[in-house]
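**Student:** Sharing a model that was predicted from the sequence below.
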Amino acid sequence: MPSATFAPPVHVTILSRKLAIYTTRRLAQAARLRRARVRVLDPLGVEMHLEERPAAFYRQRKLPATDVIVPRIAPSIQAYGLAVVNHFSMMGVPTVNDAAGIATSRNKMRSLQLLAASGVPVPTTVMAASAADLRAMVELVGGVPVLIKLLTPAERPGVMVCESLQSMEAAMEAVLAMGHNLLVQRYVRRRRERDLRALVVGGSAVAWVERRPRPGRLLHTLARGAQLKAVRVPAAVDRIAVQAARVVGLEVAAVDLIETNAGPMVFDVNSSPGLKGLERVTGKDLALPIIGRAEELARESGRKRGVP
């Protein structure tokens, strides 16, 4: 009787500024639970070397081989962080979310353009280089309430839910002088409409929550400060979230939708979703499927190279 063969443990590298960050810590815990080897590297500590074959160092020491990269690239280090992710791809290491997908998700207007061009429904959206015609822009999307996003050069958007012109003007007064581009979107209008977030991993929506944000607050992510509630959604909504992640080019994504009388519409796709609030309200371990998908990508890559 032939002896059983066991696949060696996958070596997972998580790119994140700190292990103390909740999502980073949960991913590392999930990797260990799945008996993977895991390390957490600060992207700013990775040195990239280009010659005939690209190589990577960490704080001046050559990095040993790894099987897969799980990037958690903060917007504040986006340019360097995405160069690191791309460098590992050049070395033949699969990445859960590649540099192109992350960059697309951070360019909010570009991602909406791609979604609309691919047939994914998106809310009425307008963009301008200044706030001079802000009131007219709000009228173009059907009036308040609206989502207003400030797009900074680092692509770290501030997001505000404004329910009245008065609250919008008062809240925006302090920031309009900065000269950032503005993106204005239609938001939930009626009680029967709702704001949803899906966590999509490897082509499946593994968690859904309904969000009730606090109006008039400028937030780096809409989920921060919002009340979350675990929900179920129709299969058609599930498919739209999965399609949105695929169009933007992400294996792991938070997809934000508004469910309206006209149907579900995607208003944002996030490439580095936080797990804390999602795990708290759903009661699910959401780090495990992410690490599971990372292992699948590593093994698929190994098979292509002829590694058993």
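**Tutor:** Happy to help now that I have it. Residues are numbered from 1 along each chain as shown.
**Student:** For the stretch 1-150 of the chain, which segments count as helices?
**Tutor:** 22-33, 78-90, 99-106, 108-117, 134-140 (DSSP state H, counting those that start in this stretch).
**Student:** So which residues of the stretch 201-308 of the chain form helices?
**Tutor:** 235-248, 276-282, 287-304.
**Student:** any chance of these in TSV, with mean pLDDT too?
**Tutor:** Output for the helices of the stretch 201-308 of the chain, formatted as TSV (pLDDT from 0 to 100):
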stretch	mean pLDDT
helix 235-248	97
helix 276-282	96
helix 287-304	92
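**Student:** possible to save the ones you listed as JSON lines with distance to I73 and mean neighbour count?
**Tutor:** No exception for glycine: its C-beta is placed from N, CA and C like everyone else's. Below are those laid out as JSON lines (distance: least, CB to CB, whole Å; neighbours: other CB atoms under 10 Å):
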{"stretch": "helix 235-248", "distance to I73": "15", "mean neighbour count": "20"}
{"stretch": "helix 276-282", "distance to I73": "18", "mean neighbour count": "17"}
{"stretch": "helix 287-304", "distance to I73": "15", "mean neighbour count": "19"}
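**Student:** closest to R34 out of those?
**Tutor:** Closest of those to R34 is helix 287-304, at 5.7 Å (criterion: CB to CB).
**Student:** From E51, how far off is G263?
**Tutor:** Going from G263 to E51 by CB to CB, to the nearest Å gives 52 Å.
**Student:** what about the two, which has more around it?
**Tutor:** Neighbour count, other CB atoms under 10 Å: between G263 and E51, G263 has more, with 12 against 6.
**Student:** Flag the shaky bits of the stretch 51-200 of the chain, pLDDT-wise.
**Tutor:** 129-133, 152-158, 170-180, 190-191 (pLDDT under 70).
**Student:** quick one: H49 and L63 touch, right?
**Tutor:** No - H49 is beyond contact range of L63, at 10.2 Å (criterion: CB atoms under 8 Å).
**Student:** coming back round to it: dump the helices of the stretch 201-308 of the chain into JSON lines; add distance to Q78 as well.
**Tutor:** JSON lines is the format used below for those (distance: least, CB to CB, whole Å):
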{"stretch": "helix 235-248", "distance to Q78": "16"}
{"stretch": "helix 276-282", "distance to Q78": "22"}
{"stretch": "helix 287-304", "distance to Q78": "20"}
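**Student:** still on that earlier bit, which residues are in contact with each of H49 and L63?
**Tutor:** A55, A56, F57 (CB atoms under 8 Å, 6 or more residues apart in numbering).
**Student:** Burial check on the closest residue to the first one other than its chain neighbours, number of neighbours?
**Tutor:** Of all residues not flanking A55 in the chain, H49 sits nearest, at 4.3 Å (CB to CB, 6 or more residues apart in numbering). Residue neighbour count, defined by other CB under 10 Å, stands at 11 for H49.
**Student:** ok, H49 - contacts?
**Tutor:** Counting by CB under 8 Å, 6+ apart, H49 has contacts A55, A56, F57.
**Student:** picking that back up, please produce a ChimeraX select command covering the buried subset of the shared contacts of H49 and L63.
**Tutor:** To isolate the buried ones among the shared contacts of H49 and L63 in ChimeraX, judged by 16 or more other CB atoms under 10 Å, type:
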select :56
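**Student:** doesn't G143 make contact with E163?
**Tutor:** No - between E163 and G143 there is no contact under CB under 8 Å: 10.6 Å.
**Student:** circling back to that earlier point, out of the contacts of H49, which comes closest to A100?
**Tutor:** Looking across the contacts of H49 and measuring by CB to CB, the closest to A100 is A56, at 19.0 Å.
**Student:** Test of understanding: give the bridge partners of that closest one.
**Tutor:** Using DSSP bridges, the bridge partners assigned to A56 are M48.
**Student:** gap between it and Q227?
**Tutor:** 42 Å.
**Student:** quick one, domains of this protein?
**Tutor:** What automatic domain parsing lists as the domains of the chain is 11-101, 116-270.
**Student:** Distance to R280 added to those domains, as JSON lines?
**Tutor:** Below are the domains of the chain laid out as JSON lines (distance: least, CB to CB, whole Å):
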{"stretch": "domain 11-101", "distance to R280": "10"}
{"stretch": "domain 116-270", "distance to R280": "8"}
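**Student:** what does stretch 59-66 rub up against?
**Tutor:** With contacts defined as CB under 8 Å, 6+ apart, stretch 59-66 is touched by 11-13, 39, 41, 45-47, 55-57, 88, 93.
**Student:** Quick check: the farthest pair among the residues you listed?
**Tutor:** Farthest pair in the contacts of stretch 59-66, by CB to CB: V12 and E47, 20.6 Å.
**Student:** So those two - more neighbours on which side?
**Tutor:** Ranked by neighbour count (other CB under 10 Å), V12 and E47 place V12 first, with 26 against 16.
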